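Student: My questions are about this predicted structure, shown below with the sequence.
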Amino acid sequence: MDLKDRESLAPTPQVIRMVYDNTPTNCVLRKVLVDCMVAVLRPSWLKRYGANMSPEFLYDFALANMEVVEEKSTWDSDKSF
């Protein structure tokens, strides 16, 4: 799947804003939204839309990306098999 196809799967910035403006911090919909964005987005999307995103979304998105990197690092260093 190429970049254009991946980004077409992503919710729009307006949808993200609506979710974050109308749900509590612990809402599962936020987690699903962030997980989806981590899976499909590239840095160019964040550069284009980041200034208009909810600060809470940007925090959640950054944290989720860091967790993915940490998990991948742990997986790469596990040479036990």
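Tutor: Structure's in. What do you need? None of these values were measured; they are calculated from a predicted model.
Student: Buried residues of the longest helix seen in the chain, list them for me.
Tutor: The residue-count maximum for a helix in the chain (DSSP state H) belongs to helix 55-77. Buried residues in helix 55-77, counted by 16 or more other C-beta atoms under 10 Å: 57, 60-61, 64. Any C-beta I mention is one placed from the backbone N, CA and C, and that applies to glycine too.
Student: thought Val19 was touching Lys31?
Tutor: No. The criterion here is C-beta atoms under 8 Å, and Val19 misses it with Lys31 at 10.7 Å.
Student: Look at these two and report which has more neighbours.
Tutor: Each of Val19 and Lys31 has its neighbours counted (other C-beta atoms under 10 Å); Val19 has more, 18 against 12.
Student: what's the angle between the one helix or strand the more buried one maps to and helix 55-77?
Tutor: Element membership for Val19, per DSSP states H and E: helix 13-22. Orientation check (axes from the mean of the first three to the mean of the last three C-alpha atoms, to 10 degrees): helix 13-22 against helix 55-77 gives 110 degrees.
Student: same for helix 13-22, what does it pack against?
Tutor: Contacts defined by 3 or more C-beta pairs under 8 Å, 6 or more residues apart in numbering; DSSP states H and E place helix 13-22 against helix 28-40, helix 55-77.
Student: try 6 Å this time
Tutor: Under the contact criterion of 3 or more C-beta pairs under 6 Å, 6 or more residues apart in numbering; DSSP states H and E, helix 13-22 touches helix 55-77.
Student: Now do the helix it packs on: everything it contacts.
Tutor: With C-beta atoms under 6 Å, 6 or more residues apart in numbering as the test, helix 55-77 has contacts from 16, 20, 34, 37-38.
Student: could you redo the last one with a cut-off of 8 Å?
Tutor: With C-beta atoms under 8 Å, 6 or more residues apart in numbering as the contact definition, helix 55-77 has outside contacts at 16-17, 20, 25, 30-31, 33-35, 37-38, 46, 50, 53.
Student: Just the buried subset of those, please.
Tutor: Among these, those classed as buried by 16+ other C-beta under 10 Å are 16-17, 20, 30, 33-34, 37-38, 46, 53.
Student: Lowest-confidence member of the residues you listed, which is it?
Tutor: In terms of pLDDT, the lowest of the buried ones among the contacts of helix 55-77 is Leu46, showing 86.
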